[in-house]
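**Q** Return a 3D structure for these sequence lines:
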Amino acid sequence: MKSIKALYTQRFGSEPVRIDRLPGAGSSRSYFRVHGSGPTVIATIGSDMKENRAFLALTEHFRSHGLPVPQVLAVAPDGVCYIQEDLGSESLYDLFVSSGPDSERFRKALAETVEILADFHAAGHDGIARSVLYPRAEMDAQAVRWDLNYFKYCFLKLAGVEVDEQVLENEFDYLIRNLCDSPAKVLILRDFQSRNVMMRGDTPVLIDYQGARLGNPFYDVASLLWQSRLGLSDEVRWALAGSYVEKAREAGVVVDDYWERTLRLFVIFRLLQVLGAYGFRGLHQHKAVFLTPIRATLISLKDSLASLGDNRLQYIALVIDRLIADDRFAVPAAPGRLKVKVYSFSYKKGIPEDFTGNGGGFVFDCRAVHNPGRYEQYRHLTGMDRPVQEFLENDGEILEFLDSCKALVDHSVRRYIKRGFSDLSVSFGCTGGQHRSVYSAQKMAEHIAASFDCDVVLIHRERGVEVKL
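**A** From the prediction side, this is the model:
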């Protein structure tokens with residue numbers, strides 16, 4: 001805050017009267033709206049000096065070509081903080097949400113954004129040193145592999161999806177060769193999507209282009225038109241892609257006669273990279289906003305692979321089919337219908353992952369209860385078997401434990417149903433996920449199903465059992 005106040009005061013001659021922190025998204029930078037006697041401005045705090053340097057140099061470059069980007073008003077001596085003009089709060093995506101895909105204003109703004117993209121590509125990179133571009137100067141084979149591995153490690157691995165890595169890598173190699181084969185190299189914006197296009201009235205203005213680098217122009221086309229959140233029809237996507245090609249050729253951008261196949265390949269690549277981002281932000285950092293579009297992105301990727309019709313990517317297509325069938329990425333239940341997932345698990349293998357974005361629910365530790373697994377006659381059985389159930393019930397300790405658990409869970413289920421919440425998880429853990437936790441989860445799931453009007457799914461994770469009650 002001291003840096004922002006000092007920079008604003010230096011630029012406008014008086015201290016700001018209010019500084020509002022703006023919501024973050026996928027970036028590590030922090031943004032603030034600064035109010036004062038001068039104009040309202042946006043302040044950015046970024047600890048990565050190379051990233052800041054790239055943004056500032058690219059802004060100067062684009063503005064020298066008359067391209068619509070924000071004006072930087074002041075930069076702190078240490079380069080950590082800078083302020084720029086305030087473009088308002090309406091992005092192209094916000095316009096889509098408020099007015100719908102068929103509104104005249106949205107369609108006009110989207111078409112103009114595509115035309116502006118051709119202008120950016122035509123402006124080229126003369127005047128920008130390769131050393132400024134961050135974190136890579138070019139979308140080369142290494143950069144493409146980084147993004148494909150982002151999908152593998154930050155989506156597939158975090159989601160616990162087992163794959164034949166050699167077969168997957170072979171198809172990655174094939175994609176890399178095709179994506180890097182094109183001689184067309186322009187300065188691509190890299191993260192060209194609807195949230196990074198601000199509406200200044202009816203004029204689109206681009207932001208967050210600090211990752212710009214040399215590459216194929218169709219990476220940016222794919223990033224915008226195949227963005228899952230917009231949900232554009234294929235007819236609209238290809239019509240706008242055709243408009244881009246026409247405008248780009250007029251502006252001097254080299255576009256080959258086989259651009260449709262090139263675009264399809266970049267759509268596949270971009271969607272794989274986006275799934276990696278959703279995996280990291282959603283599955284690892286548990287940010288719900290990044291979980292919501294996963295299924296739509298998977299379906300779009302499936303359709304893109306099918307339309308390409310290249311059997312040398314058939315294993316990736318198979319993996320995507322498996323992910324679409326995974327209940328974790330299913331369309332969320334309609335509001336007002338609660339879904340309760342009841343788990344048994346082993347603490348040795350960790351607490352069950354929450355994929356709803358709610359941060360989980362109840363986790364009960366059964367390890368203080370008398371353990372049937374200590375006795376030879378029960379070791380090969382589970383809490384689903386009658387002898388183990390009789391042992392636990394005759395001992396009585398687990399019944400008192402479950403009564404306490406039910407009192408807590410019942411209260412939440414009632415409140416969740418009343419408030420229209422969609423998801424709740426209840427997990428029971430023990431040493432091996434075999435006896436006490438299995439019995440407890442079984443009884444809790446049966447209790448909830450009998451007591452409330454909601455959907456109940458019972459999952460004995462270590463036993464590989466999933467049942468809808």
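
**Q** Check which helix or strand residue 393 maps to.
**A** Assigned by DSSP states H and E, residue 393 belongs to helix 386-395.

**Q** Show me which residues of that helix are buried.
**A** Within helix 386-395, the residues scored as buried using 16 or more other Cβ atoms under 10 Å are 388-389, 391-392. Yep, even glycine has a C-beta here, placed from its N, CA and C like the rest.

**Q** Just give the number of residues close to the nearest residue in space to residue 131 that is not next to it in sequence.
**A** Of all residues not flanking residue 131 in the chain, residue 137 sits nearest, at 7.4 Å (Cβ to Cβ, 6 or more residues apart in numbering). Residue 137 has 18 neighbouring residues, counting by other Cβ atoms under 10 Å.

**Q** Residue 137 and residue 128, how far apart?
**A** Using Cβ to Cβ, to the nearest Å, residue 137 is found at 10 Å from residue 128.

**Q** got the contact list for the residue nearest the centre of the chain?
**A** Taking Cα atoms, centre = their mean, the centroid of the chain lies closest to residue 278, which sits 2.4 Å from it. Residues near residue 278 by Cβ atoms under 8 Å, 6 or more residues apart in numbering: 155, 290-291, 293-294, 297.

**Q** same thing with residue 312?
**A** 171, 174.

**Q** okay, it: pLDDT?
**A** With respect to pLDDT, residue 312 has a value of 96.

**Q** repeat for residue 358
**A** Note for residue 358: predicted pLDDT of 63.

**Q** one step back: can you lay out the buried residues of helix 386-395 as TSV showing pLDDT?
**A** Output for the buried residues of helix 386-395, formatted as TSV (pLDDT from 0 to 100):
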residue	pLDDT
388	94
389	94
391	94
392	94
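
**Q** Quickly name whichever of the residues you listed is closest to residue 77.
**A** Ranked by distance to residue 77 (Cβ to Cβ), the buried residues of helix 386-395 are led by residue 392 at 68.9 Å.

**Q** And the strands in the stretch 151-300 of the chain, which stretches?
**A** Assigned by DSSP state E, counting those that start in this stretch, the strands in the stretch 151-300 of the chain fall at 186-188, 197-200, 203-206, 213-215.

**Q** most packed of these?
**A** strand 186-188 (a mean of 25; mean count of other Cβ atoms under 10 Å).

**Q** what's it packed up against?
**A** helix 104-123, strand 213-215 (3 or more Cβ pairs under 8 Å, 6 or more residues apart in numbering; DSSP states H and E).

**Q** starting at the chain centroid, how far to it?
**A** Strand 186-188 sits 24 Å away from the centroid of its parent chain (Cα atoms, centre = their mean, to the nearest Å).

**Q** what's the answer for stretch 251-271, then?
**A** Offset of stretch 251-271 from its chain centre (Cα atoms, centre = their mean): 24 Å.

**Q** now stretch 343-354
**A** 24 Å.

**Q** quick one: low-confidence ranges for the stretch 301-450 of the chain?
**A** 331-336, 357-360 (pLDDT under 70).

**Q** try 80 this time
**A** Along the stretch 301-450 of the chain, segments meeting pLDDT under 80 span 327-328, 330-337, 353-360.

**Q** mind listing the strands for it?
**A** Along the stretch 301-450 of the chain, counting by DSSP E, counting those that start in this stretch, strands occupy 339-346, 362-365, 423-430.

**Q** Which parts of the stretch 1-150 of the chain are strands?
**A** Under the criterion DSSP E, counting those that start in this stretch, the stretch 1-150 of the chain contains strands at 18-21, 30-35, 41-45, 72-75, 81-85.

**Q** Out of these, the one nearest residue 403 is which?
**A** strand 18-21 (45.4 Å).

**Q** List the pairing partners of that closest one within its sheet, with orientation.
**A** Paired strands of strand 18-21, with direction, are strand 30-35 (antiparallel) (DSSP bridges).

**Q** picking that back up, among the helices and strands packed on strand 186-188, show me which one is buried the most.
**A** Among the helices and strands packed on strand 186-188, judged by mean count of other Cβ under 10 Å, the one packed with the most neighbours on average is strand 213-215 (a mean of 22).

**Q** what's the closest residue to residue 229 other than its chain neighbours in contact with, if anything?
**A** Nearest residue to residue 229 in three dimensions, chain neighbours excluded: residue 293, at 5.6 Å (Cβ to Cβ, 6+ apart). With Cβ under 8 Å, 6+ apart as the criterion, the residues that contact residue 293 are 228-229, 278.

**Q** Next: residue 71.
**A** When contacts are counted by Cβ under 8 Å, 6+ apart, residue 71 touches 59, 63, 84-85.

**Q** would you turn the residues you listed into CSV with distance to residue 445?
**A** CSV is the format used below for those (distance: Cβ to Cβ, whole Å):
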residue, distance to residue 445
59, 56
63, 61
84, 54
85, 56
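
**Q** Can I get those in JSON lines including neighbour count?
**A** What follows is those, written out as JSON lines (neighbours: other Cβ atoms under 10 Å):
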{"residue": "59", "neighbour count": "20"}
{"residue": "63", "neighbour count": "14"}
{"residue": "84", "neighbour count": "21"}
{"residue": "85", "neighbour count": "16"}
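
**Q** Which single one of those residues is nearest to residue 214?
**A** Nearest to residue 214 among those, with distances taken as Cβ to Cβ, is residue 59, at 17.9 Å.

**Q** how near is that closest one to residue 197?
**A** For residue 59, the distance to residue 197 - Cβ to Cβ - is 15 Å.

**Q** now swap in residue 36 and tell me
**A** 27 Å.

**Q** Which residue comes closest to residue 187 once chain neighbours are left out?
**A** Once flanking residues are discounted, residue 187 sits nearest to residue 125: 4.3 Å by Cβ to Cβ, 6+ apart.

**Q** Can you give me the distance of the one you found to residue 203?
**A** Taking Cβ to Cβ, one finds residue 125 at 24 Å from residue 203.

**Q** count of neighbours near the closest residue to residue 259 other than its chain neighbours?
**A** With sequence-adjacent residues excluded and distances taken as Cβ to Cβ, 6+ apart, residue 259 is closest to residue 245, at 6.0 Å. Using other Cβ under 10 Å, residue 245 has 19 neighbouring residues.

**Q** Make TSV out of the contacts of residue 293 and add distance to residue 253 and pLDDT.
**A** Formatted as TSV, the contacts of residue 293 follow (distance: Cβ to Cβ, whole Å; pLDDT from 0 to 100):
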residue	distance to residue 253	pLDDT
228	26	85
229	27	83
278	30	91
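
**Q** The residue nearest to residue 131 is in contact with residue 125, isn't it?
**A** No - counting by Cβ atoms under 8 Å, residue 137 stays clear of residue 125, with 9.4 Å between them.

**Q** Report the set of residues contacting both of the two.
**A** Residues touching both residue 137 and residue 125 (Cβ under 8 Å, 6+ apart): residue 214.
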